[in-house]
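A.B. asks: Okay, predicted coordinates and the sequence, questions at the end:
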Amino acid sequence: MRKHDMIGNNQILSRIVTILLFLGMLLILLGRIKIPFNAFDEGFANLNGTRIMLGEVPYKDFLSNYSPGQAYAEAIIFKVFGVSMLPARLYDDLVQLAIAIGVYLIAKKVASRWLAVLACIITTLLQAYQNVYGYPVLPALACGIFSIYCSLEEADTGQRRWLFLAGTLIGIATFFRWDIGLYAGISVSVTVFLSHSVRVAREGQFSTLALLAPMKGVILTWVPALAVILSTYGYVGYVGGWGDMWDQMVVYNVTIMRDFYWLPYPPLIVPNLSSVSINTFWNSGYFSSWLQFYSPLFTYGLAFAYYVYSFLSRRVNWDLRHLGTIAVTIFGVLLFLPALGRYDNAHVLATWITSSLVVVLLFWRIALSSRGPAKPILLAALIGLTAVTVGWPIRGFQALVTWFPPLGCYSQLERANCIYVNIYQEQAIEYVRTHTKERESIFVGNQRHDAIDRNDIAFYFLSDRPSATRYTLLLRGVATTLPVQKTIVQEIESKNVNYIVLWVYGAPREPNRGAISSGVHYLDDFIASNYVTVAQFGIYTIWARASGKP
């Protein structure tokens, strides 16, 4: 067999193996497709998609503190495949697969094929054990990761088209989450600037024009990015109102949200650790919380220390490997900022993915290339860290698949597509659908509205009944205020709402301002004075307009 034939066969085999890898990762993600419907985040994304289908506009016709990209993506999915949970979840799984593929491509470009496979598997498992359906961070993260890959391709080939593609992806990421789009733009800009600076230095072109080349590359990246941002946000701002969009999407998130949604970070040192068994520590949930929060910080700190030391000692050859690692590290550090505002699994997921990629790109590469007695120690430490990192997600994923097998059917609601829905929620939805007409407005609220934890936005979507108010999302610090509650009451009266559903979720217990009563009971008093309880299904109570009331 000729040499070039052997090379061709090896390339074909390599592509087949890569495709099989991606298909395997997709099957893993699809394995938990029937897990319970997330009444808040997922319900909000799905409901907004249906509202856009009906011609409504974000910020104008319904309150939203998110960027509009996810709602428009859901609207397109529903328009093409029909309004139900299954196509929306399939779209989310494909987005999460795209993240794993982007991680693979970066690792393959920067490190090696085998390390790329490891990074891809870790990324998939980190996503597979969490209920993050409908989460707009994920498509933004996917675009951000691919924009970094494009910047590395430009650094490698010198082809400017990669800068155009990177900038376009930054713009799309911004449409899904403006903060993550900004983080991706910063990371790519640093990568482009460094790569062009290294190129100028190697070519020995120190003229004024040559020294401007790094900034020219950055500008070429941001031209398509700004074009996408201005066209998408320009349209939404034009039809939905610039002021409402700015107040809901930026002002609320920057100035108000943290006070009402902040969650404490896990303690750095476990109290009374000596009295806790290893098994109890592993299964308590504290270990996973500690690992999620502190391991990214530890990873980024080590990477920063490594590059500072290498720069000062002039031991780094600024090749593609280091450019990619620096880009991912910068992106990951910036992605950690949302976790500082509200620490939970969802808000730390993006930075945990990037920190795992940094471990593969930098520390695994160092361990494999090192020599002497340090090599087995480094390899053992990294094997242990990787095992722990993937061990917890594997256990969580196994539990989800065991409790909710993907081939099972758990709900008979039309829009649920056999996906699990809380039994009390399903019973309440069936009651409302039976007692209301198609397109008849309802209101879904909480047992109390002076202090709100979260509200069941999914009820509107699953029942296929429109909201009487633009405040389907009952945000803390917004729906707890008197002006907003008066507006909700006015909208309920103007729509002549016959049925109200109240979710008895319990009093807010989070250690933030959300747990403190605003002292405003205007909406609660209105409901109690004009409606009576006609049915109860677990934590759901159905209220009907009292006889004699208009």
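C.D. replies: Ah, there it is.

A.B. asks: domains for the protein, by residue range?
C.D. replies: Domains of the chain are assigned by automatic domain parsing as 3-403, 422-545.

A.B. asks: Out of those domains, which gets the lowest mean score?
C.D. replies: Ranked by mean pLDDT, those end with domain 3-403 at the bottom, a mean of 87.

A.B. asks: can you list the domains of the chain in JSON lines and add mean neighbour count?
C.D. replies: In this view, the C-beta of every residue, glycine as well, is placed from N, C-alpha and C. JSON lines is the format used below for those (neighbours: other C-beta atoms under 10 Å):
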{"stretch": "domain 3-403", "mean neighbour count": "19"}
{"stretch": "domain 422-545", "mean neighbour count": "18"}
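
A.B. asks: can you redo these as a markdown table with distance to E414?
C.D. replies: Shown next, in a markdown table, are those (distance: least, C-beta to C-beta, whole Å):
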| stretch | distance to E414 |
| --- | --- |
| domain 3-403 | 7 |
| domain 422-545 | 8 |
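
A.B. asks: any idea how far Y505 is from S197?
C.D. replies: 54 Å (C-beta to C-beta, to the nearest Å).

A.B. asks: V308 too?
C.D. replies: As for V308, its distance to S197 is 18 Å (criterion: C-beta to C-beta).

A.B. asks: do the same with G408
C.D. replies: As for G408, its distance to S197 is 56 Å (criterion: C-beta to C-beta).

A.B. asks: Isn't P466 up against S441?
C.D. replies: Yes. Contact between P466 and S441 holds when scored by C-beta atoms under 8 Å: they sit 5.1 Å apart.

A.B. asks: helix, strand or coil for I500?
C.D. replies: In three-state terms, and counting by DSSP: H, G, I helix; E, B strand; the rest coil, I500 is strand.

A.B. asks: For it, list the residues it contacts.
C.D. replies: Residues in contact with I500 (C-beta atoms under 8 Å, 6 or more residues apart in numbering) are 442-445, 492, 527, 531, 542-544.

A.B. asks: Now go through those residues and say which are in strands.
C.D. replies: 443-445, 531, 542-544 (DSSP state E).

A.B. asks: Quick check: what element follows the lengthiest helix in the chain along the chain?
C.D. replies: Longest helix in the chain by number of residues (criterion: DSSP state H): helix 374-403. Next helix or strand after helix 374-403 toward the C-terminus (DSSP states H and E): helix 423-435.

A.B. asks: Just the CA coordinates for that next one, please, in CSV.
C.D. replies: C-alpha atoms of helix 423-435 as CSV (Å, rounded to 0.1, in the frame of the first residue of the first chain):
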residue,chain,number,x,y,z
ILE,A,423,-48.4,15.7,39.1
TYR,A,424,-50.1,18.5,41.0
GLN,A,425,-49.2,21.0,38.3
GLU,A,426,-50.6,18.7,35.7
GLN,A,427,-53.9,18.3,37.6
ALA,A,428,-54.2,22.0,38.0
ILE,A,429,-53.6,22.6,34.3
GLU,A,430,-56.2,20.0,33.3
TYR,A,431,-58.7,21.8,35.6
VAL,A,432,-58.0,25.2,34.1
ARG,A,433,-58.1,23.9,30.6
THR,A,434,-61.5,22.3,31.3
HIS,A,435,-63.0,25.5,32.9
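
A.B. asks: sorry, back to before: L378: which of the ones in strands among the contacts of I500 is nearest?
C.D. replies: V444 (54.7 Å; C-beta to C-beta).

A.B. asks: From I326, how far out is the residue nearest to the spatial centre of the chain?
C.D. replies: Centroid-nearest residue in the chain: V137, 2.7 Å away (criterion: C-alpha atoms, centre = their mean). Remark: distance between V137 and I326 (C-beta to C-beta) = 22 Å.

A.B. asks: quick one, what contacts S195?
C.D. replies: 151, 154-155, 217, 323.

A.B. asks: go with 10 Å
C.D. replies: The contact partners of S195, taken as C-beta atoms under 10 Å, 6 or more residues apart in numbering, are 151-152, 154-156, 158, 214, 217, 318-320, 323, 327.

A.B. asks: Secondary structure and distance to L337 added to the residues you listed, as JSON lines?
C.D. replies: Shown next, in JSON lines, are the contacts of S195 (DSSP: H, G, I helix; E, B strand; the rest coil; distance: C-beta to C-beta, whole Å):
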{"residue": "S151", "secondary structure": "helix", "distance to L337": "21"}
{"residue": "L152", "secondary structure": "helix", "distance to L337": "24"}
{"residue": "E154", "secondary structure": "helix", "distance to L337": "27"}
{"residue": "A155", "secondary structure": "helix", "distance to L337": "26"}
{"residue": "D156", "secondary structure": "helix", "distance to L337": "30"}
{"residue": "G158", "secondary structure": "coil", "distance to L337": "33"}
{"residue": "P214", "secondary structure": "helix", "distance to L337": "26"}
{"residue": "G217", "secondary structure": "helix", "distance to L337": "26"}
{"residue": "W318", "secondary structure": "coil", "distance to L337": "27"}
{"residue": "D319", "secondary structure": "coil", "distance to L337": "29"}
{"residue": "L320", "secondary structure": "helix", "distance to L337": "27"}
{"residue": "L323", "secondary structure": "helix", "distance to L337": "23"}
{"residue": "A327", "secondary structure": "helix", "distance to L337": "17"}
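
A.B. asks: Which of the residues you listed lies at the shortest distance from N131?
C.D. replies: Distances from N131 to the contacts of S195, taken by C-beta to C-beta, are shortest for A327, at 29.6 Å.
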